[in-house]
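*Asks:* coordinates only, sequence not included:
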């Protein structure tokens, strides 16, 4: 540990030419805190491409309006944000207006980062200044007309954006407030998990109730005990966020990336705060519907496919196997209003997240090549309505567009 | 002209069981390690997809996962008076190909060899006086069971072996193998749940005074998390093990026990579809400089490295040593030379019992789900009055009920037509098979060398296998097979059929992929190619790891011992060799 502090202080000293040496330890402290802010805010999720140098620019983001490429935010002067001032950075995070007044698109969640404190942002800036500068020109704006006109975000912000730091609720515990702050602020959980308006803004009235993005369905993460996280214990959810795996489920897709780069590196206190807050929220359908009758022809067909194709791993009873094959019985992800994630898993397969505490990275194989649209629909209808599960039927027409 | 690549600390040839274990161990020492693998990358979800992993035609008949003769063939003959010819297809044994090697498609029987194997010459002399096995070229291995116990233990825990200890620190355990040497602790998992055939076998053998026990299995009886933190699942008894990759993460292999951790290490890299042509030595011929390999586009590369680990299939290890000029090649006329000597195989026989009133449901099966009797194995029984040494494990391990290959019919059944169909229907569920897996002891005329005539696609001589079952082993197998007949009679079925082992090894019908020896370990550099740490006597920065190191083959599957030797070598490199690199660990 000493060694790390030393090298950070050294970097800090080098960077802060002109500052009195005695100030350097404070800056080192800021950098260490800033690094943690970068974890909370999961900057790397968008700004670091797989295998690339940290924050040197990401993979294209597919939005309903077109493609955006997360820019290079290393301190490189030519292609990164080396010319920015701390004030530029603060303004970008809190108002969506970057260097030289250039307006950002809200794919950059300044709508959430605005809740961060001045000090958090200052720390984050100090950290970002220490990242290795990388020359990597990125043309972020790939949107078609008229969305490519950045000034249009002026109007968008007027309609959809409220600037301002997080305001704690004095009637709640400090832990709850910390959780609310992370979820609504730097953690920007709603960016994926909240439904969007036609303008792409979070529907605040339905916050965290689940949404589609990039071919996945980010599930309801409110305290809803039917389709949210209400029926999972606090420890189970913390374990999931820390390792990507718990007794019932295994992360894959975009959440796997968020766990790897962000939640697995958060402190236990922050994870507990997040869960405390999420469990206190509500939203989405609460009453579990009647499951579709086992005698329904789609259910009987689905059962046959399930026992042929799925049961070897997930078990005849849907219980799966710890750390390898998710439990399907009682799994809220299986019962979301949208079966998009399930369709994707069956068609394309997926690989589990790798974290230091979950190293197996088992995979769901692709089965799209051997199951017809109707068969995929039927087996998912069966999984969503067996062993105590209940959810809407999946239609063959839901499958074709996902292939 | 080969492209010269940046130096690595360690180059590993072949990424199967031993390559993966050694790569993991040596990357823990922060060494930069590269593995060069001839075959393709293989991964559970993509290559053993549950949707097609159980395709008997593709994998068992057409042998999709195996080495094809177009890549590397071998020539064979039974003795030196014959001219060896190339095998046009692999049959008698089936080497693996690709990441995971033969460890991908094994059945999973995971044995420990005995002290009476490792010290075979001393043991026979002590028990029977000098002169036993005089017609053989038996040699001590240079280690003892006690010395390698910890390495067996590590392999068994890595792989999540399911079994029942028979001897815990000298205390014989009821229900385990009473003939095994002391082990420090029990298997990591309990035995698999038995199906009917092995259950009946255990009852019958017990009733005639034998000591059945559950076969130690790498098909997992329960879910398991190994010491590397890698999770495995409970075996579903689908009956697609041998010749198949496991789709359920429930058969131990490099894929299911090591690679998830190894592949994420920054100081490890694998280059697949890259075939090592030879190990390059310096002018003194006592130090390896690295290896030369070729990719599928025909481009040649030289990979410099300080340490070279030969971790290919045993037969390939031997050939690469010969092609690289590491150690003198064995000459059966003089008995001199070390590389190629003591090539051994496996001496098997089998029995079938046909019943009228039983249903064994043979499709509920796993590669190592069964019962074994070791009463006639190794030197577990008194050979004093007998005219042979060695023995065989007797195994009732119904590995599968697959539709193409599992079609037992009684003798004199027509080979086709309605009578055949009728007999198949009758016999499919009501037939019990069991077999002996016998020791294979070395003889002067059984050896490996380079073929003088035939070459591979790169113009390199093929490996020549000169082998026949020694008379000693035929006598051994006849004896054990007649004990099996006692068992077959005790079953009380309608009919039984014995298939004894006969002289004249035939390379066509499948027998066993347990080819051992050729680069054997030992205490004497005149009669062994590697020392007891599997370090080449001649080129000390080369280690040769695998069943090639077996000085003979016991009546057991080799993988447990191969895995143990890999850990044994890894420990020697980590604890001794790296302190003084390039130096022999054993001086004579």
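*Replies:* Done, it's in. On a predicted model such as this, the values are computed, not experimentally measured, just so you know.

*Asks:* surely residue A:40 is in contact with residue A:181?
*Replies:* No. When contacts are counted by Cβ atoms under 8 Å, residue A:40 is not listed as touching residue A:181 (9.5 Å). Any C-beta I mention is one placed from the backbone N, CA and C, and that applies to glycine too.

*Asks:* now do the contacts for residue B:177.
*Replies:* Residue B:177 makes contact with B:164, B:166-167, B:211, B:213, B:372, B:374, according to Cβ atoms under 8 Å, 6 or more residues apart in numbering or on different chains.

*Asks:* try 6 Å
*Replies:* Contacts for residue B:177 (Cβ atoms under 6 Å, 6 or more residues apart in numbering or on different chains) come out as B:166, B:213, B:374.

*Asks:* with adjacent residues omitted, what lies nearest to it?
*Replies:* If the residues on either side of it in the chain are set aside, residue B:177 comes closest to residue B:166, at 3.6 Å by Cβ to Cβ, 6 or more residues apart in numbering or on different chains.

*Asks:* and which of the contacts of residue B:177 is nearest to chain A?
*Replies:* When the contacts of residue B:177 are compared for distance to chain A (Cβ to the nearest Cβ), residue B:213 wins out at 27.2 Å.

*Asks:* buried sites along the one helix or strand residue B:421 maps to?
*Replies:* With the criterion set as DSSP states H and E, the secondary-structure element containing residue B:421 is helix B:417-428. The neighbour-count check on helix B:417-428 (16 or more other Cβ atoms under 10 Å in any protein chain shown) flags B:423, B:426-428 as buried.

*Asks:* same question for stretch B:43-58.
*Replies:* For stretch B:43-58, using 16+ other Cβ under 10 Å, the buried residues are B:43-45, B:47-51, B:53-54, B:56.

*Asks:* any idea of the pLDDT on residue 397?
*Replies:* If you meant another chain, say so; for now it's chain A. What the model reports as pLDDT for residue A:397 is 94.

*Asks:* looking at chain B here, not the other one
*Replies:* The pLDDT attached to residue B:397 in the predicted structure is 98.

*Asks:* how about the nearest residue to it, chain neighbours excluded?
*Replies:* With Cβ to Cβ, 6+ apart, the residue lying closest to residue B:397 is residue B:370, at 3.0 Å.

*Asks:* next one: phi and psi at the closest residue to chain B within the stretch 301-403 of chain A?
*Replies:* Of all residues in the stretch 301-403 of chain A, the one sitting closest to chain B is residue A:363 (3.1 Å; Cβ to the nearest Cβ). For residue A:363, the backbone dihedrals (degrees, to the nearest 10) come out as phi -120, psi 150.

*Asks:* residue B:438 now?
*Replies:* With angles defined as degrees, to the nearest 10, residue B:438 sits at phi -100, psi 160.

*Asks:* dump the residue contacts of it.
*Replies:* For residue B:438, the set of contacting residues under the criterion of Cβ under 6 Å, 6+ apart consists of B:347, B:392, B:476-477, B:555.

*Asks:* any weak-confidence spans in chain A?
*Replies:* For chain A, the stretches with pLDDT under 70 are A:1-25.

*Asks:* what ranges does it have for its strands?
*Replies:* Secondary structure of chain A by DSSP state E: the strands cover A:61-63, A:66-68, A:141-142, A:211-213, A:216-218, A:350-351, A:363-364.

*Asks:* show me what the residue in the stretch 101-250 of chain B that chain A sits nearest to is bridged to.
*Replies:* Nearest residue of the stretch 101-250 of chain B to chain A (Cβ to the nearest Cβ) works out as residue B:231 at 3.7 Å. Beta bridges link residue B:231 to residue B:225 when assigned by DSSP bridges.

*Asks:* returning to that earlier point: tell me the most buried of the strands of chain A?
*Replies:* For those, average neighbour numbers computed from mean count of other Cβ atoms under 10 Å in any protein chain shown are highest in strand A:216-218, which has a mean of 23.

*Asks:* hmm, residue B:3 is touching residue B:301, no?
*Replies:* Yes. Taking Cβ atoms under 6 Å as the contact criterion, residue B:3 and residue B:301 are neighbours in contact, 5.0 Å apart.

*Asks:* same question for the helix holding residue B:421, mean pLDDT?
*Replies:* Taken as a whole, helix B:417-428 has a mean pLDDT of 96.

*Asks:* so what secondary structure elements neighbour the lengthiest strand in chain B?
*Replies:* Ordering each strand of chain B by length in residues (DSSP E) puts strand B:300-310 first. When contacts are defined as 3 or more Cβ pairs under 6 Å, 6 or more residues apart in numbering or on different chains; DSSP states H and E, strand B:300-310 sits against strand B:8-13, strand B:288-295, strand B:542-544.

*Asks:* next SSE downstream of it?
*Replies:* Sequence-wise, the next helix or strand downstream of strand B:300-310 (DSSP H and E) is helix B:314-324.

*Asks:* buried residues in the longest helix along chain A, which are they?
*Replies:* Taking DSSP state H as the assignment, the helix of chain A that covers the most residues is helix A:24-41. Of the residues in helix A:24-41, those scored as buried under the neighbour-count criterion (16+ other Cβ under 10 Å) are A:24, A:27-41.

*Asks:* OK, contacts around the single nearest residue of chain B relative to chain A?
*Replies:* Closest approach of chain B to chain A (Cβ to the nearest Cβ) occurs at residue B:45, with a separation of 3.1 Å. Taking Cβ under 6 Å, 6+ apart as the definition of contact, the neighbours of residue B:45 are A:349, A:363, A:365.

*Asks:* now the first one: closest residue in space, sequence neighbours ignored.
*Replies:* On the basis of Cβ to Cβ, 6+ apart, the spatially nearest residue to residue A:349 that is not a chain neighbour turns out to be residue A:366, at 3.8 Å.

*Asks:* residues near the one you found, how many?
*Replies:* Using other Cβ atoms under 10 Å in any protein chain shown as the criterion, residue A:366 is surrounded by 17 other residues.

*Asks:* burial of residue A:47, as a residue count?
*Replies:* Using other Cβ under 10 Å, the number of residues around residue A:47 comes to 23.

*Asks:* then the one 10 residues further on?
*Replies:* Using other Cβ under 10 Å, residue A:57 has 24 other residues around it.

*Asks:* could you give the mean pLDDT of stretch B:204-221?
*Replies:* Averaged across stretch B:204-221, the pLDDT comes to 98.
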